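J.: need coordinates for the following:
(one chain, ligands or ions: 1)
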Amino acid sequence: MTPDRPFVILNVAVTADGKTDTAARGGATISSPPDLARVDRLRAESDAIMVGGRTLLGDDPRLTVKSAELRAARRARGLSENPIKVGVISKATLRLDSRFLTAGLASVLLFTTQQTDPAQIARLRQAGADVCVLGETHVDLPAALRRLQEIGVQRLLVEGGGTLNAELLRLGLVDEIRLYLAPLIFGGATAPTLADGPGLPRDAAIGLERRAVEALDDGGILIAYRIPRS
Ligand SMILES: NC(=O)c1ccc[n+]([C@@H]2O[C@H](COP(=O)([O-])OP(=O)(O)OC[C@H]3O[C@@H](n4cnc5c(N)ncnc54)[C@H](OP(=O)(O)O)[C@@H]3O)[C@@H](O)[C@H]2O)c1
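T.: Sure, this is the predicted structure:
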């Protein structure tokens, strides 16, 4: 049976106490240089990269492939030099000069809801973004993934944050997790984690199959998990 969505890989950098940022939520760096190089390779192997609304507005990520060699290798394979940038954002108030919209040669696709002002949607389209309204208050994620599949995305990399991750996991829309566990502790009861949102009861916990573990010289650990499709 042909799957009706892309293969979804969730990449996250966490501290040893499971945080993906400090409680201040300023987009603190957790990855080491070797881990950033790994993420760059993962981006280069992906057709699209997705982030959630608060990551998009707060961190304003470029979501481009940093290595010139990896971009050239994509072009040599007949691909655009960067994967499609995808934002999942209920109210798309992002600035037209944001790095997300402007950095690098890349298509941009925003999944948003009826909460976004139609005039802002027109401005975003004018700025070159594709905007797709899928839902009243929250983006319909299964429909968003179907749309990505329809436009040729076979491999989707999700780069957080924890609210988007949690919802994709809850809906059974994640196939792999790539985790960089950094030798750091941030603490903070309100600091974000890999999967936030309301949380799951124990009997609905998501089981993971460990596929690979690698200890890095920087003191970090890379873990790859698989989530079998039910
Ligand atoms: N270390 C890492 O690997 C890493 C990676 C990325 C981000 N981060 C950190 O994570 C933090 C941001 O994460 P976050 O959890 O606050 O936000 P997020 O996951 O980036 O964005 C979540 C927001 O997306 C919107 N959304 C719309 N439809 C949705 C749907 N169906 N499901 C889920 N969300 C939907 C919602 O906005 P509304 O609430 O407006 O409806 C929701 O609050 C930042 O501190 C960032 O630095 C860390």
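
J.: select the longest helix from this protein.
T.: The longest helix of the chain (DSSP state H) is helix 33-44.

J.: need the contact partners of it.
T.: Residues outside helix 33-44 that contact it (Cβ atoms under 8 Å, 6 or more residues apart in numbering): 9, 11, 13, 31, 49, 63-67, 70-71, 73-74, 82-83, 157, 178, 180, 182, 216-218, 220, 222. Using the backbone N, CA and C atoms, a C-beta is placed for each residue, glycine as well.

J.: using PDB, write out every CA atom in that helix.
T.: Output in PDB follows, covering the C-alpha atoms of helix 33-44 (Å, rounded to 0.1, in the frame of the first residue of the first chain):
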ATOM      1  CA  PRO A  33      29.700  21.600  16.000                       C
ATOM      2  CA  PRO A  34      29.800  17.900  15.000                       C
ATOM      3  CA  ASP A  35      26.100  17.600  15.700                       C
ATOM      4  CA  LEU A  36      25.300  20.700  13.700                       C
ATOM      5  CA  ALA A  37      27.200  19.100  10.800                       C
ATOM      6  CA  ARG A  38      25.100  15.900  11.200                       C
ATOM      7  CA  VAL A  39      21.900  18.000  11.200                       C
ATOM      8  CA  ASP A  40      23.200  19.700   8.000                       C
ATOM      9  CA  ARG A  41      23.600  16.300   6.300                       C
ATOM     10  CA  LEU A  42      20.100  15.300   7.500                       C
ATOM     11  CA  ARG A  43      18.700  18.500   6.000                       C
ATOM     12  CA  ALA A  44      20.500  17.900   2.700                       C
END
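
J.: hmm, back to that, narrow the contacts of helix 33-44 to those in helices?
T.: Members of the contacts of helix 33-44 lying in helices (criterion: DSSP H): L70, R71, A73, R74.

J.: spit out the contact partners of the third one.
T.: Think A73. A44 are the contacts of A73 under Cβ under 8 Å, 6+ apart.

J.: switch the cut-off to 6 Å
T.: Counting by Cβ atoms under 6 Å, 6 or more residues apart in numbering, A73 makes contact with nothing.

J.: for the ligand, what's the nearest residue on the protein?
T.: Of all residues in the chain, G161 sits closest to the ligand, at 2.1 Å by Cβ to the nearest ligand atom.

J.: ok, that residue - contacts?
T.: G52, R54, T55, P192 are the contacts of G161 under Cβ under 6 Å, 6+ apart.

J.: burial check on P3, number of neighbours?
T.: Each residue near P3 was counted by other Cβ atoms under 10 Å, and the total is 11.

J.: that one falls within a helix, correct?
T.: No: using DSSP: H, G, I helix; E, B strand; the rest coil, the assignment for P3 is coil, not a helix.

J.: and it, what does it touch?
T.: Neighbours of P3 in contact, by Cβ under 6 Å, 6+ apart: none.

J.: can you check what angle separates the longest strand along the chain from helix 33-44?
T.: With DSSP state E setting the assignment, residue counts place strand 7-15 as the longest strand in the chain. Counting by axes from the mean of the first three to the mean of the last three Cα atoms, to 10 degrees, strand 7-15 points 160 degrees away from the direction of helix 33-44.

J.: A144 contacts F111, correct?
T.: Yes: using Cβ atoms under 6 Å, A144 makes contact with F111 at a distance of 4.5 Å.

J.: of those two, who's got more company?
T.: Legend: neighbour count by other Cβ under 10 Å for A144 and F111, higher for F111 (26 against 22).
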